[in-house]
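Undergrad: Got a sequence here, can you model it:
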Amino acid sequence: MDKKYEDSIHRTGRIGIIIGIILMLGIPAVISSVYDVWPESAAQVITAGSGLLAVFIPTCIAEVFSYTPILGSSAYITFLTGNVMNLKVPVVVNAQIMSDTASGTEEGDAVATIGVAVSSIVTTLIIAGGVLLLVPLRPILTSPTVQTATTYLLPALFGGIFLSFVNNDCGDYVAKGKPLTMILPLLVVFGVNAVFPLAGMEGFVVLICMVLTVLCAVVLYKAGIIKMTPKEKKKKA
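TA: Below you'll find the model as predicted:
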């Protein structure tokens, strides 16, 4: 990857993250100052936040390690704007497929960044439109038909995301049998969850499943079940 491009994108991404953190912490700080509603002590903050930190710190670590290889430089925008698994990762995957680029290449990295940026802008516009139209659309949004439909929204969303990853695509290679790597981790998660509920420990589960999936991939590759074949390069017109 071009060193100048890499340094530029990382510098811009770090500056953006710092600005985002300042805004996220600064707005509550200003409101607390104006209305004089600061917490009584640091212990009070730690007590209130310790439970959330115990859940979200492992989850955030797992997301960084699992999603960054897919997202590339677009990880800066992705982790700042959110909706990682349900929106940004599918956007990156589909953008790279449509542009015939691969993760880990300069072209694929640029396509991923553009895709996530456009997705973030569109999402912001939709949210803004929803806020403005919330009152006029309330009768429709609260109707029994729409409420029934929304109960199927998340299953349909994650079902589509799951199917989008059940393929043999592996960047510049076709990995025949790649979906087999997810069988053992899924069985382990379902089996353990049936005996010992894993709610609240998703971050630890993802980290463990990452290691287990890599081990499954190595074993299946060594056994010749997963076969790597270079993709045929399309001739440019």
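Undergrad: what ranges do the strands span in this protein?
TA: All strands of the chain, identified by DSSP state E, fall at 169-170, 173-176, 227-230.
Undergrad: pull the CA atoms of the last one into CSV?
TA: Below are the C-alpha coordinates for strand 227-230, written out as CSV (Å, rounded to 0.1, in the frame of the first residue of the first chain):
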residue,chain,number,x,y,z
LYS,A,227,-8.7,-25.2,-0.9
MET,A,228,-7.4,-21.8,-1.9
THR,A,229,-7.6,-20.9,-5.6
PRO,A,230,-6.4,-17.6,-7.0
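Undergrad: just checking, what packs against that strand?
TA: When contacts are defined as 3 or more C-beta pairs under 8 Å, 6 or more residues apart in numbering; DSSP states H and E, strand 227-230 sits against strand 173-176. Where C-beta positions appear, they are placed from N, C-alpha and C, glycine not excepted.
Undergrad: The second one now?
TA: Using 3+ C-beta pairs under 8 Å, 6+ apart as the contact test, the elements touching strand 173-176 are strand 227-230.
Undergrad: List the pairing partners of the strand it packs on within its sheet, with orientation.
TA: Paired strands of strand 227-230, with direction, are strand 173-176 (antiparallel) (DSSP bridges).
Undergrad: circling back: using a markdown table, please lay out the strands of the chain together with mean neighbour count.
TA: Formatted as a markdown table, those follow (neighbours: other C-beta atoms under 10 Å):
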| stretch | mean neighbour count |
| --- | --- |
| strand 169-170 | 16 |
| strand 173-176 | 16 |
| strand 227-230 | 12 |
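Undergrad: Would you convert these into CSV that also reports mean pLDDT and distance to residue 88?
TA: Shown next, in CSV, are the strands of the chain (pLDDT from 0 to 100; distance: least, C-beta to C-beta, whole Å):
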stretch, mean pLDDT, distance to residue 88
strand 169-170, 72, 18
strand 173-176, 81, 23
strand 227-230, 85, 27
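Undergrad: Take the ones you listed and write them to JSON lines, including distance to residue 79.
TA: As requested, the strands of the chain are exported to JSON lines (distance: least, C-beta to C-beta, whole Å):
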{"stretch": "strand 169-170", "distance to residue 79": "24"}
{"stretch": "strand 173-176", "distance to residue 79": "27"}
{"stretch": "strand 227-230", "distance to residue 79": "30"}
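Undergrad: quick one: the helices in this protein?
TA: Using DSSP state H, the helices of the chain run over residues 3-35, 42-71, 75-81, 89-98, 106-133, 138-141, 144-150, 153-165, 183-195, 202-222.
Undergrad: dump the residue contacts of residue 195.
TA: Contacts for residue 195 were tallied using C-beta atoms under 8 Å, 6 or more residues apart in numbering; there are none.
Undergrad: For the remainder of this discussion, apply numbering that starts at 22.
TA: That works, and once the first residue is 22, the last one we named lands at residue 216.
Undergrad: which residues touch the residue nearest in space to the middle of the chain?
TA: Nearest to the geometric centre of the chain sits residue 105, at 2.5 Å (C-alpha atoms, centre = their mean). By C-beta under 8 Å, 6+ apart, the contact list for residue 105 reads 84, 88, 99.
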